[in-house]
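Visitor: The sequence isn't on hand, but the structure is:
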């Protein structure tokens, strides 16, 4: 039995003429400690699938189990990180990180200590008294990551968390989240439409296609250690995924002998 | 500092045009007294304590009407903004009642509450109620869904959702509504006092 089991998932939304099928009989199993990227264009159901596994949305058919338990609602053990960070603008950085600890009934001193620890981990200890609006997008997403890690969840769900960041900040955060999550032994389900991002991060890239939302193939990324975006192995996998999306132009070289 | 210069300049401008109007117009003093005469009259009212007493009773009446109205409007607004199915039925009623001038309620108010203290209070109450109610309902409806998702994810339940998420999220919009209502309510205070109140800033006009 796998850690996360998605069995025959179907989710439809009402459409103009016919209902729109966002998920069409999707099956996927994820092992504990795996880093999984859901990759695909918009409308392929990747966010719908994430929302359902995270417990924010219910399936029309099929089932989702985590550690054998059916998912019915979000849990403190499975924290979601959103594209627009979801920080509370009226709270300071430190108070944002303490948010989840408050509902665990932890005394204030201990909360502060834990918030401090995770802010240090993401390199923002000096910004603890600032408000989110005073930080750049990359820093805000780091705060959201610290807030998620602070409750020590088993699973992190990430819904295009770096999509709103500039390219260089995005690459830096990819490297950081990759090493943090592996060190802390988290299971990650990460939604993205960025092919390179999925190869940098994932143990397995789940390629999805739209209309209706289905899993096309799953590509295993066997690259050890910190991934070099320019290495031949990386480019080989990238090439493979491009082919899966049929995004490589056919070879039309003409040969003259 | 610059602001003070602007205010003093505006006051000076007003006094000069007032005095010029009096000199050039040549109306009867009882219709348009000069600034100097007005200042003397003001001093007289101040000296026998009528003005201070009137301001006091106006202010306390205003505070009572405004605060009770605002508290009820915010409480109702939070509930109706949260339960949108109920608001869908009440919204048309609010939209019909809202444009009615508070003064137009006066015949009813006098019939139900008599004359004296109550009409001014009720008019202030009505004047402040709708701007705050509508601002609060709109603010609750406009709370970013991601805040509520985060709250669910981190195991925050009612009443903590109200105190930790909803109230701080809606506060800026409600503050705008409160500000608006403050101005409107003050305008209607004097009007309300002109009906039968035995004290207050509107009473001497009666």
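Guide: Noted; the coordinates are in hand. Because the structure is a prediction, the values reported are computed rather than measured.
Visitor: so where's chain B uncertain?
Guide: The model of chain B has pLDDT under 70 over residues B:195-206.
Visitor: Spatially central residue (nearest the centroid) of the chain, please.
Guide: As the question left the chain open, I've gone with chain A. The geometric centre of chain A, computed from its C-alpha atoms, lies nearest to residue A:190 (C-alpha atoms, centre = their mean), at 2.0 Å.
Visitor: wrong chain, I was asking about chain B
Guide: Geometric middle of chain B (C-alpha atoms, centre = their mean) lands on residue B:185, at 2.3 Å.
Visitor: Break down chain B into its helices, ranges please.
Guide: Counting by DSSP state H, chain B has helices at residues B:2-25, B:35-47, B:50-82, B:84-97, B:106-113, B:117-141, B:145-153, B:160, B:167-193.
Visitor: nearest to residue A:87, of those?
Guide: Comparison of the helices of chain B against residue A:87 by C-beta to C-beta identifies helix B:145-153 as nearest, at 8.4 Å. For every residue, glycine as well, the C-beta is placed using N, CA and C.
Visitor: quick one, that closest one and helix B:167-193 angle?
Guide: 120 degrees (axes from the mean of the first three to the mean of the last three C-alpha atoms, to 10 degrees).
Visitor: Would you mind pulling up the elements that the helix or strand that helix B:145-153 is followed by packs against?
Guide: Using DSSP states H and E, the helix or strand that follows helix B:145-153 in sequence is helix B:160. Contacting helix B:160 under the criterion 3 or more C-beta pairs under 8 Å, 6 or more residues apart in numbering or on different chains; DSSP states H and E is no other helix or strand.
Visitor: Please identify the helix or strand for the nearest residue to residue A:202 once chain neighbours are set aside.
Guide: Spatial nearest neighbour of residue A:202, chain neighbours left out: residue A:37 (3.8 Å); criterion: C-beta to C-beta, 6 or more residues apart in numbering or on different chains. Here residue A:37, judged by DSSP H and E, is contained in strand A:35-39.
Visitor: strands paired with that strand, and their directions?
Guide: strand A:187-192 (parallel), strand A:204-209 (parallel) (DSSP bridges).
Visitor: Take those and lay them out in JSON lines including mean pLDDT.
Guide: Shown next, in JSON lines, are these (pLDDT from 0 to 100):
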{"stretch": "strand A:187-192", "mean pLDDT": "94"}
{"stretch": "strand A:204-209", "mean pLDDT": "92"}
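Visitor: Buried deepest among those, which one?
Guide: strand A:187-192 (a mean of 25; mean count of other C-beta atoms under 10 Å in any protein chain shown).
Visitor: ok now it, how far from the chain's centre?
Guide: 3 Å (C-alpha atoms, centre = their mean, to the nearest Å).
Visitor: Contact partners for the residue nearest to residue A:202?
Guide: Contact analysis of residue A:37 by C-beta atoms under 8 Å, 6 or more residues apart in numbering or on different chains lists A:190-192, A:197-198, A:201-202, A:204-206.
Visitor: What residues sit buried inside the helix ranked longest in chain A?
Guide: Determined from DSSP H, the single longest helix within chain A is helix A:167-183. Under the neighbour-count criterion of 16 or more other C-beta atoms under 10 Å in any protein chain shown, helix A:167-183 has A:169-171, A:173-174, A:176-178, A:180-181 buried.
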